[in-house]
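J.: when you get a sec, could you give me coordinates for this:
(chains A, B, C and D)
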Number of protein chains: 2
Amino acid sequence: MSKKQQILDAALQLFAEKGIEATSIQHITQEAGISKGAFYLSFPSKESLIKEIIDSFMKEIVTEIDRIVNGMELPDEKLRLYFHAQLALLEKHADFAKIYAQEPMHALNEEIMEKLIHYDAWIDRSLLSLLDELYGEPLRGRRYDLLISIKGFVRIYSQLVLFHPYPHDIEKIAELLVEKTNVLATYSQTAYLTEDMVELSMPGPEEVTTQEKLLSVIDELLEDEQHPPLISESLSLIAEELQSEAPRRAILHGLQANIYDYAPANWLSYLLKKYEQKKSPDA
Amino acid sequence: MSKKQQILDAALQLFAEKGIEATSIQHITQEAGISKGAFYLSFPSKESLIKEIIDSFMKEIVTEIDRIVNGMELPDEKLRLYFHAQLALLEKHADFAKIYAQEPMHALNEEIMEKLIHYDAWIDRSLLSLLDELYGEPLRGRRYDLLISIKGFVRIYSQLVLFHPYPHDIEKIAELLVEKTNVLATYSQTAYLTEDMVELSMPGPEEVTTQEKLLSVIDELLEDEQHPPLISESLSLIAEELQSEAPRRAILHGLQANIYDYAPANWLSYLLKKYEQKKSPDA
DNA sequence: CATAATAGTGACCAACTGGTCATTCGTCAA
DNA sequence: TTGACGAATGACCAGTTGGTCACTATTATG
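T.: As a prediction, this is how the structure comes out:
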């Protein structure tokens, strides 16, 4: 395991245990079994460590949710998968989830906070499109209230799973939440929230799917050097195609399919899909 | 305004702004316009300041909710009042609410955390009894899921009101939440949570309604010295009655009625009612 | 083997923390 | 005017923090 990974693991555990602010670099380095100075060989600052942890997890979550919502299952099944994914990710990354659930906004850098809000809005937008697909026109006017209610459900049951010591059955919880959602969508009549009360109106992933941003993500991946040949080749070709005068949609699409199942490049896959949608919004 | 109150005000504002841990006593004292040393004339430590702030607000909330649930309105109206009270308290004490909503458990002393959980469980128990009153037998088996769902609703809409800059209409939100609750109670069928998964099974306000605890609360109130004559007299008589061989229920009940509308003694009123219920559980 | 380059160390730094205490200030009664 | 006494002060303390850097250990290269 690389020094960097050692540090990340130790930090994650300590952050979850005692909070970000309360965890000193001294603690982290001694937990990781290295000297304090060595920390600064892997990270330029404590803040960048925090940023890296939060960023990597949020990217995984956004990617996973997006794949479910855009998958090919029946809408009802997708909703179940949505809930299940939320809870499964929670169990898989309990350490991170504890940080996310408990850390006060204050402790975080402004930039990180903004990113968190963005990621959150992306997930919300995914869920909202799923709700529209599921309930269509009759939901109009109540869609934001349903969205928020679902977030409330997920949050409260997540907290339960996270902090209550019990062998929880997340399959069952997911089904329960599907039923609750259906009941609300079907029988509830009143509405309160309007579009402008929900912040997710503007941001969108557009701003990060510029050519340069994509190229920098690819560069970062290529620097690792440890990919299978097909992956490396595809990555290089994607970069090449992006830099060309008029990137060909079909080529990018195909290359993206090459890396779709390669976990370390999931985020790039996600960004490429958004890039594609931006370039040809007709689909 | 007393020095103590100045400190409390300044601290509350700074805690809400930047978090408890990130707020130093230096900040508080300079915000309050006093010297650092003066702080320690009013509070023995930073921790006791935190404790006092949290304690006083939680007591107000618990008392308020309890009064609504045990009020004489129709059950349906009580539920609306419950939601409205939650949101109104939120607006009234936005500073504190921000602390409560955002502060990580870590930052808080073990003792304070335990108290918070207790207070929370008291509120839950109040709400649960209201739900039983409202929906009765048909809800059996789903009552804890409904309880949790309502908590999710309250939490997510609270967050919206608290952090989204908008002139929110809490009357409307309260009505919306009543409707959502009714829909869930009526049409939802599945259940997940059982009694032992919800922590509120054991604690209860029993342990703080011992004679000594009640007397200490009365002493604390009497030390303030600034009550109307009827109040002071009633307080003394309550203490006297409590210390007698066999406290007479009717006397305590009457004396408690004397102080029922006197805000500074609301917490004592609440405790006395619980004490009474403990002594004669037949009612 | 010697040399160069890289990885790793921990004493050290300035800034800040919660908390203390000898000193000073302000306001009374005599 | 004096003395006295509680209220208020802020320099000071020990401890911790994120971060630096002159140094040493390890490894790769010729």
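J.: from now on I want contacts and neighbour counts done on CA atoms only, so please keep to that.
T.: Will do.
J.: residues in contact with A:Asp95?
T.: Counting by C-alpha atoms under 8 Å, 6 or more residues apart in numbering or on different chains, A:Asp95 touches A:Leu12, A:Gln13, A:Phe15, A:Ala16, A:Glu17.
J.: now the buried members of those residues.
T.: With burial judged by 16 or more other C-alpha atoms under 10 Å in any protein chain shown, the buried subset of the contacts of A:Asp95 is A:Leu12, A:Gln13, A:Phe15, A:Ala16.
J.: let me know the closest of the residues you listed to DNA strand D.
T.: Ranked by distance to DNA strand D (C-alpha to the nearest atom of the strand), the buried ones among the contacts of A:Asp95 are led by A:Phe15 at 10.6 Å.
J.: so the closest one touches A:Thr23, yeah?
T.: Yes - using C-alpha atoms under 8 Å, A:Phe15 is in contact with A:Thr23, at 6.2 Å.
J.: what about the buried ones among the contacts of A:Asp95, which are in helices?
T.: A:Leu12, A:Gln13, A:Phe15, A:Ala16 (DSSP state H).
J.: from A:Ser42, how far off is the second one?
T.: With distances defined as C-alpha to C-alpha, to the nearest Å, the gap from A:Gln13 to A:Ser42 amounts to 18 Å.
J.: sorry, back to before: same list (the contacts of A:Asp95) but as CSV, adding distance to chain B.
T.: Listed next are the contacts of A:Asp95 as CSV, based on distance: C-alpha to the nearest C-alpha, whole Å:
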residue, distance to chain B
A:Leu12, 15
A:Gln13, 14
A:Phe15, 10
A:Ala16, 9
A:Glu17, 8
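J.: which of those residues sit farthest apart?
T.: For these, the farthest-apart pair by C-alpha to C-alpha is A:Leu12 and A:Glu17; their separation is 8.5 Å.
J.: how about low-confidence regions in chain A?
T.: A:104-107, A:200-207, A:281-283 (pLDDT under 70).
J.: is DNA strand D contacted by the longest helix seen in it?
T.: Identified as the longest helix of chain A according to DSSP H is helix A:110-135. No - judged by C-alpha under 7 Å from any atom of the strand, helix A:110-135 makes no contact with DNA strand D; its nearest approach is 14.7 Å.
J.: give me the distance from the helix or strand that that helix is followed by to the chain's centre.
T.: Once the chain leaves helix A:110-135, the next helix or strand it forms, by DSSP states H and E, is helix A:143-163. Mean C-alpha position of helix A:143-163 versus that of the full chain (C-alpha atoms, centre = their mean, to the nearest Å) differs by 16 Å.
J.: hmm, helix A:143-163 in reach of chain B?
T.: Yes - Helix A:143-163 reaches chain B (C-alpha under 8 Å from any C-alpha of the partner chain) through A:Ile148, A:Ser149, A:Lys151, A:Gly152, A:Phe153, A:Arg155, A:Ile156, A:Tyr157.
J.: which residues does the residue nearest to the first one when sequence neighbours are not counted contact?
T.: Take A:Ile148 and drop its neighbours on the chain: the residue closest to it by C-alpha to C-alpha, 6 or more residues apart in numbering or on different chains is B:Ile156, 6.9 Å away. For B:Ile156, the contact set (C-alpha under 8 Å, 6+ apart) comprises A:Ile148, A:Ser149, A:Lys151, A:Gly152.
J.: A:Tyr166 against B:Asp196, yeah?
T.: No - at 9.7 Å, A:Tyr166 does not count as touching B:Asp196 under the criterion of C-alpha under 8 Å.
J.: my guess is A:Leu128 contacts A:Arg143, does it?
T.: Yes - look at A:Leu128 against A:Arg143 with C-alpha under 8 Å: they come within range, at 7.5 Å.
J.: pick out whichever of those two has more residues nearby.
T.: A direct count of neighbours by other C-alpha atoms under 10 Å in any protein chain shown for A:Leu128 and A:Arg143 places A:Arg143 higher, at 24 against 18.
J.: what ranges do the helices span in chain A?
T.: A:3-18, A:25-32, A:36-42, A:46-69, A:75-92, A:94-102, A:110-135, A:143-163, A:170-187, A:211-224, A:229-243, A:249-259, A:266-279.
J.: near DNA strand C at all, the third one?
T.: Looking back up the chat, that one is helix A:36-42. Yes - judged by C-alpha under 7 Å from any atom of the strand, helix A:36-42 comes into contact with DNA strand C through A:Lys36, A:Gly37, A:Ala38, A:Leu41.
J.: list the contacts for the first one?
T.: The neighbours of A:Lys36, taking C-alpha under 8 Å, 6+ apart as the test, are A:Ile25, A:Gln26, A:Thr29, A:Gln30.
J.: are any of these buried, and which?
T.: A:Ile25, A:Thr29.
J.: got JSON lines for the contacts of A:Lys36, with distance to DNA strand D too?
T.: JSON lines is the format used below for the contacts of A:Lys36 (distance: C-alpha to the nearest atom of the strand, whole Å):
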{"residue": "A:Ile25", "distance to DNA strand D": "4"}
{"residue": "A:Gln26", "distance to DNA strand D": "6"}
{"residue": "A:Thr29", "distance to DNA strand D": "10"}
{"residue": "A:Gln30", "distance to DNA strand D": "11"}
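J.: phi, psi for the most far-flung residue of chain A relative to its centre please.
T.: Distance from the C-alpha centroid of chain A, by C-alpha atoms, centre = their mean, peaks at A:Ser35 (32.4 Å). When quoted as degrees, to the nearest 10, the phi and psi of A:Ser35 stand at phi -90, psi 160.
J.: distance of it relative to A:Thr29?
T.: 6 Å.
J.: again with A:Ile156
T.: 34 Å.
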